[in-house]
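Sequence first, predicted coordinates after that:
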Number of protein chains: 2
Amino acid sequence: MEEFKVTVEGSGKHVHLSREHLDILFGKGFELEPKKYLSQPGQYASTSKVDIVGPKGTISGMSVLGPARKETQVELSFTDARKVGFEPPIRLSGDLEGSPGCTIIGPKGTVTIDKGVIVAKRHLHCSPEDGAKYGVKDGDVVKIKVGGERGLVFDNVECRVGPTHATFVHVDYDEINAAALFGDTTGIVLKD
Amino acid sequence: MEEFKVTVEGSGKHVHLSREHLDILFGKGFELEPKKYLSQPGQYASTSKVDIVGPKGTISGMSVLGPARKETQVELSFTDARKVGFEPPIRLSGDLEGSPGCTIIGPKGTVTIDKGVIVAKRHLHCSPEDGAKYGVKDGDVVKIKVGGERGLVFDNVECRVGPTHATFVHVDYDEINAAALFGDTTGIVLKD
């Protein structure tokens, strides 16, 4: 693998909903309305929000991302999660086995899921073109260095390479704050 | 410098108060009562708490550490700081020039300081014995590696070596969460 520069993005806490759960929470046939398109093709923050009930409290007004997913999933930072009593595992999106469940409250109904609350595992989204150019394969694990006063090197960054990916690193806000990535958010994928 | 193992500790948000400000906030001659001694010799979390007023909100019940310091200082994580509108610099304890001020509310009075709100810079406290043993000098800047699912290498860790220091790394809770340092909190100071 070659060394190359990437932009590091912070993902705030958010929810992905299945079609079935969208129907229950917002009403039959409800369609999410894109508020802001995100870096990954077709993905957007919607205008809709839900509340998430944890063992020790509720997180109100969590952003619902679209489009609908196969499975409902709640992504929190450890800061958010621990405040309301969750002890989530660190997982890539969609890897939900054994994660805690929760209750989700929408304007038209309530859903209780028995798994789906995770802390996102750091990952590098990578387009097939950049994958070929830099020698990154789907499933590779890389190190990413960021500079500045709180410079650090993230180990264990998993790579997701494919046509649905644009090349960006995703971390959560605990990681953004730990690295003080507020201005220049350039990272360097380190050479093997 | 030799490679060696250290324990990484998370510092929660806290306040250090000057003698003058202790008098105003808690009453003339008030003495802090140790609740729990910390890893650094003579330092303790006291039973006393204060509220800190920021530009956009108040942080209630902040722990006051003892003993009294030369200057009053408020240490927050970026998560805490941004929630109430502070934009603090990343500083070592005592380096307060140019940092934002705030209002501190105690049970007997209120103090407004014109500087003192900081986010703690990662640092390695080091005893003179360990400094001599491993080749660490006061002011050195080292890298510290931690393992696990969210393993990373902290760059820019400043060393404070002297008789008032016991050998521990101090980071804040954004950094603890970013590294998922909840179980084994051992770090390795990397060889130069």
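It's in.

Chain B contacts on chain A?
Along chain A, the residues adjacent to chain B under the rule CB under 8 Å from any CB of the partner chain are A:77-79, A:90, A:119, A:121-122, A:149-156, A:171, A:173-175, A:177-180. No exception for glycine: its C-beta is placed from N, CA and C like everyone else's.

Out of these, list just those in strands.
Counting by DSSP state E, the residues of chain A next to chain B place A:Ile90, A:Val119, A:Leu152, A:Val153, A:Phe154, A:Asp155, A:Asn156, A:Val171 in strands.

All the helices of chain A, residue numbers only.
Counting by DSSP state H, one finds helices in chain A at the ranges A:19-26, A:78-83, A:128-134, A:173-178.

most packed of those?
Per residue and on average, the most neighbours among the helices of chain A fall to helix A:173-178, with a mean of 26 (mean count of other CB atoms under 10 Å in any protein chain shown).

Contacts only, for A:Lys121.
Listed by CB atoms under 8 Å, 6 or more residues apart in numbering or on different chains, the contact set of A:Lys121 reads A:Ile90, A:Arg91, A:Leu92, A:Asn156, A:Glu158, B:Glu149.

And it, what's its pLDDT?
With respect to pLDDT, A:Lys121 scores 98.

A:Gly183 too?
On the pLDDT scale, A:Gly183 is placed at 89.

what's the answer for the one 3 residues further on, then?
On pLDDT, A:Thr186 comes in at 97.

How about it: what's its closest non-neighbour residue?
A:Lys5 (5.6 Å; CB to CB, 6 or more residues apart in numbering or on different chains).

Could you give the bridge partners of the one you found?
Per DSSP bridges, the residues bridged to A:Lys5 are A:Ile188.

I'd say it and A:Leu190 touch.
No: assessed by CB atoms under 8 Å, A:Lys5 is found out of contact with A:Leu190, at 11.2 Å.

With neighbour numbers in mind, choose between those two.
Taking other CB atoms under 10 Å in any protein chain shown, A:Lys5 and A:Leu190 do not tie; A:Leu190 has more neighbours (16 against 9).

need the contact list for that one.
Each residue near A:Leu190 by CB under 8 Å, 6+ apart is listed here: A:Glu3, A:Val142, A:Lys143, A:Ile144, A:Lys145, A:Val153.

Which of those has the largest number of neighbours?
Of the contacts of A:Leu190, with other CB under 10 Å as the count, A:Val142 tops at 23 neighbours.

How about the contacts made by it?
Counting by CB under 8 Å, 6+ apart, A:Val142 makes contact with A:Met1, A:Leu124, A:Val136, A:Val157, A:Cys159, A:Val189, A:Leu190.

If we use 7 Å, what do you get?
A:Met1, A:Leu124, A:Val157, A:Cys159, A:Val189, A:Leu190 (CB atoms under 7 Å, 6 or more residues apart in numbering or on different chains).

Chain A - how does it break down into domains?
Domain assignment of chain A by automatic domain parsing yields the ranges A:4-9+A:122-189, A:12-120.

most neighbours per residue, which of the ones you listed?
Most buried among these, counting by mean count of other CB under 10 Å: domain A:4-9+A:122-189, with a mean of 19.

Mind naming the longest strand for chain A?
strand A:57-69.

picking up where we left off before, tell me which two of the contacts of A:Lys121 sit farthest apart.
Maximum pairwise distance in these, criterion CB to CB, is 12.5 Å, between A:Arg91 and A:Asn156.

Give the residue farthest from the middle of chain A.
Largest separation from the mean C-alpha position in chain A: A:Lys28, at 26.3 Å (CA atoms, centre = their mean).

confidence score at A:His125?
For A:His125, the pLDDT comes out at 98.

in the sheet, who's paired with it?
On the basis of DSSP bridges, A:His125 is bridged to A:Arg160, A:Phe168.

mind listing what it touches?
Going by CB under 7 Å, 6+ apart, A:His125 touches A:Gln40, A:Arg160, A:His165, A:Ala166, A:Thr167, A:Phe168, A:His170.

Looking at those, spot the one nearest chain B.
Nearest to chain B out of the contacts of A:His125 is A:His170 (CB to the nearest CB; 13.5 Å).

rewinding a little: show me which pair in the ones in strands among the residues of chain A next to chain B is furthest apart.
Counting by CB to CB, the most remote pair of those is A:Val119 and A:Val153, 19.7 Å apart.

circling back to that earlier point, with distance to B:Asp184 added, can I get the contacts of A:Val142 in CSV?
Formatted as CSV, the contacts of A:Val142 follow (distance: CB to CB, whole Å):
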residue, distance to B:Asp184
A:Met1, 29
A:Leu124, 26
A:Val157, 21
A:Cys159, 26
A:Val189, 27
A:Leu190, 24
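
pLDDT-wise, what's the bottom of those?
Ranking the contacts of A:Val142 by pLDDT, A:Met1 lands last with 84.

State whether that one and A:Cys159 are indeed in contact, as I suppose.
No: using CB atoms under 7 Å, A:Met1 makes no contact with A:Cys159, being 9.3 Å away.

Sounds good, over and out.
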